[in-house]
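Q: The sequence and its predicted three-dimensional model are supplied below.
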Amino acid sequence: MKKILVVLLFIHQFITAQEQEVAPPYNIKTVTFVQGGNNTIPFFRLGDSFELQFDDLYGNEADYYYTLEHFNYDWTPSSLLKNEFINGLDNQRIQNYQNSLNCFQVYSHYTLSFPNKFNQIIKSGNYILKIYDDEQNLVFSRKFIIYEDDLTVGVTIRRSRDMETIQQKQNVEFFIDYKDRVLQNPLQNIKVSIFQNGKFNNAIHNVKPQYTIGTQLIYRYNKETQFWAGNEFWNFENKNIRGASNTVFKVTTGDIYNTYLYINEARKNKIYTYFPDINGNFLVTNFNVTNPNIESDYAWVYFTLDAKENPLEKNIYINGMFNNYAISEENKMDFNSSTNRFEKALLIKQGFTNYQYVLTDKNGKIDEKNAVDGNFFQTENNYTILVYYKGPADRYDRVVGIGNATSIDIKN
């Protein structure tokens with residue numbers, strides 16, 4: 001009995017030691033990593049530049065500070081000291097900010113660039129960027145990953161080999177080729193993480209290679225590397241915030257704009273229809289302006305979902321990269337018994353936005369199997385493999401390789 005309690009205590013400590021992101025408060029919106037002027041999944045090559053951008057709807061030019069923390073493969077704190085993974089000092093004030101221009105919703109737009117004059121990241125691995133206010137209260141945090149491109153990773157997307165899910169799942173097969181690199185016991189010291197559209201909440205970890213061929217580690221599992229395929233993301237565009245479009249049927253004004261979308265019907269029991277998306281991403285833009293970052297306005301966007309077959313004991317949320325796929329009360333839909341539809345209004349910056357409806361149980365656990373819009377193997381998804389290595393004498397998990405593939409050319 002004592003041994004069982006010790007094991008349970010160890011498991012509990014392991015789980016609770018894993019670092020989680022802290023969601024931003026109501027006034028912080030449009031938190032995004034940017035590279036080359038575009039919102040991006042936060043996987044960056046060591047030495048490349050990138051930015052974190054966000055808006056503060058209070059618009060009072062508040063002072064914000066940031067720190068960087070380094071983590072192991074399992075998101076437990078690494079043993080590296082601060083000066084071992086960055087050159088310079090963090091806990092610096094974010095100095096680059098601008099106020100909104102010609103917008104109903106006032107806000108201050110902040111941009112934090114890496115590398116900058118205060119510090120430079122010098123190690124690969126898992127990181128968390130933490131943003132504090134001037135009283136050193138944690139405002140929010142975001143995960144990102146720095147990788148080295150040292151190994152070759154080949155990725156192939158196939159249909160499920162299980163007849164029960166052959167129409168609904170996508171299987172990721174891949175190999176890692178370390179060629180002439182000297183890696184000690186790669187079967188044990190190499191770990192992988194597999195991401196679908198860059199999401200952290202359904203990533204697959206701790207998959208071991210099945211076998212080796214020369215210098216290649218082969219991963220050809222039938223079930224261990226499968227993902228529910230989902231459906232193409234919904235989208236709306238309101239770059240002309242005053243006008244209707246093929247996704248917006250009505251616009252009204254009050255203190256700020258109100259954007260009413262056409263009703264979405266759950267697609268779970270419909271046939272798959274290909275509709276190009278940007279895999280959950282979004283683009284902030286405003287019709288005929290110079291700087292969309294500060295000249296794009298915010299609007300209350302009204303979503304309506306017709307999902308009559310959804311069990312009411314489960315919850316439905318709206319999310320995408322625009323809100324970091326958050327499962328939170330702010331994004332939870334309300335059921336309107338008079339119309340038998342789910343409704344929600346979210347404050348979103350204007351532009352082009354991908355979004356999805358996510359089903360969860362009462363504890364917030366995502367139910368991908370019974371997804372509101374179904375699962376179809378034809379769905380176009382992007383997959384990323386990150387390869388970690390930690391030798392016997394190493395003190396941290398390096399990210400030594402990356403592989404990418406899309407299911408648009410899915411194979412049987």
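A: Done, it's in. Numbers count the residues shown, from 1 in each chain.
Q: Break this protein down into its structural domains.
A: For the chain, the TED database gives the domain ranges 28-147, 152-230+379-406, 234-370.
Q: outside of stretch 178-194, which residues touch it?
A: The contact list for stretch 178-194 (Cβ atoms under 8 Å, 6 or more residues apart in numbering) reads 73, 150-152, 172, 176, 203-209, 212, 215, 217, 219, 225, 227, 383-392, 397. In short, each C-beta sits where N, CA and C put it, glycine included.
Q: what's around the closest residue to Val106 other than its chain neighbours, how many residues?
A: Excluding the flanking residues, the one nearest Val106 by Cβ to Cβ, 6 or more residues apart in numbering is Gly59, at 3.6 Å. Neighbours of Gly59 under the rule other Cβ atoms under 10 Å: 16.
Q: So what does Gly59 have for phi and psi?
A: With angles defined as degrees, to the nearest 10, Gly59 sits at phi 60, psi 30.
Q: Pull the contacting residues for it.
A: For Gly59, the contact set (Cβ under 8 Å, 6+ apart) comprises Asn99, Ser100, Val106, Tyr107, Ser108.
Q: hmm, try it at 6 Å
A: The neighbours of Gly59, taking Cβ atoms under 6 Å, 6 or more residues apart in numbering as the test, are Val106, Tyr107, Ser108.
Q: Dump those residues into CSV; add distance to Pro292 as well.
A: Listed next are these as CSV, based on distance: Cβ to Cβ, whole Å:
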residue, distance to Pro292
Val106, 16
Tyr107, 13
Ser108, 16
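Q: List the ones among the residues you listed that fall in helices.
A: Judged by DSSP state H, helices contain none of the contacts of Gly59.
Q: which of the residues you listed are buried?
A: Neighbour counting by 16 or more other Cβ atoms under 10 Å classes Val106, Tyr107, Ser108 among those as buried.
Q: pLDDT weak spots in this protein?
A: Along the chain, the parts satisfying pLDDT under 70 run over 1-17, 310-312.
Q: residue boundaries of the helices in it?
A: Using DSSP H, helices in the chain cover 2-17, 82-85, 186-189, 292-295.
Q: Asn264 versus the residue nearest to Val106, what's the distance?
A: Distance, Gly59 to Asn264, using Cβ to Cβ, to the nearest Å: 32 Å.
Q: Name the nearest of the contacts of Gly59 relative to Ser296.
A: Tyr107 (9.8 Å; Cβ to Cβ).
Q: and the contacts of stretch 178-194, which of them are in strands?
A: Using DSSP state E, the subset of those located in strands is 152, 172, 176, 204-205, 212, 217, 219, 227, 383-389.
Q: Buried among those? Make that a PyMOL selection.
A: In PyMOL syntax, the buried subset of those is picked out as below (16+ other Cβ under 10 Å):
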select buried, resi 172+176+204+217+219+227+383+384+385+386+387+388+389
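Q: Name the nearest residue to the residue nearest the centre of the chain, sequence neighbours excluded.
A: A centroid search over the chain (Cα atoms, centre = their mean) returns Lys199, at 3.9 Å, as the residue closest to the centre. Leaving out its chain neighbours, the residue that sits closest to Lys199 by Cβ to Cβ, 6+ apart is Tyr325, at 5.7 Å.
Q: can you check Thr32 too?
A: Asn39 (4.6 Å).
Q: ok, now Gln170?
A: Nearest to Gln170 is Ala229, by Cβ to Cβ, 6+ apart, at 4.8 Å.
Q: Hmm, the one you found is touching Thr379, no?
A: Yes - between Ala229 and Thr379 there is a contact at 4.5 Å, judged by Cβ atoms under 6 Å.
Q: of all the buried ones among the contacts of Gly59, which comes closest to Thr406?
A: Tyr107 (34.8 Å).
Q: residue contacts, the closest one?
A: Asp55, Leu57, Gly59, Ser100.
Q: export these to JSON lines and tack on distance to Asn354?
A: Below are those laid out as JSON lines (distance: Cβ to Cβ, whole Å):
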{"residue": "Asp55", "distance to Asn354": "19"}
{"residue": "Leu57", "distance to Asn354": "22"}
{"residue": "Gly59", "distance to Asn354": "27"}
{"residue": "Ser100", "distance to Asn354": "24"}
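Q: hang on, the earlier thing: just the buried ones among the contacts of Gly59: which are in strands?
A: Per DSSP E, the subset of those in strands is Ser108.
Q: so which of the buried ones among the contacts of Gly59 comes closest to Asp63?
A: When the buried ones among the contacts of Gly59 are compared against Asp63 (criterion: Cβ to Cβ), the nearest one is Ser108, at 10.6 Å.
Q: Asn363: how many residues sit nearby?
A: By the criterion of other Cβ under 10 Å, Asn363 has 6 neighbours.
Q: Repeat that for Asn382.
A: Around Asn382 there are 18 residues (other Cβ under 10 Å).
Q: doesn't Gly198 make contact with it?
A: No - between Asn382 and Gly198 there is no contact under Cβ under 6 Å: 7.3 Å.
Q: Identify the residues contacting the nearest residue to Lys344 once chain neighbours are set aside.
A: Setting aside the residues directly before and after it, Lys344 is nearest to Met333 in space (Cβ to Cβ, 6+ apart), at 4.3 Å. Residues near Met333 by Cβ under 6 Å, 6+ apart: Ile316, Phe342, Lys344.
Q: how far away is the first one from Phe118?
A: Distance check for Ile316 against Phe118: by Cβ to Cβ, it reads 43 Å.
Q: more neighbours, those two?
A: Neighbour tally, Ile316 and Phe118, criterion other Cβ under 10 Å: the higher count belongs to Ile316, 21 against 16.
Q: could you pull out the strands for the stretch 301-412 of the chain?
A: Under the criterion DSSP state E, counting those that start in this stretch, the stretch 301-412 of the chain contains strands at 315-319, 334-336, 341-349, 351-360, 382-389, 398-406.
Q: Ok, which of those strands comes nearest Val372?
A: Judged by Cβ to Cβ, the one of the strands of the stretch 301-412 of the chain that comes nearest to Val372 is strand 351-360, at 4.3 Å.
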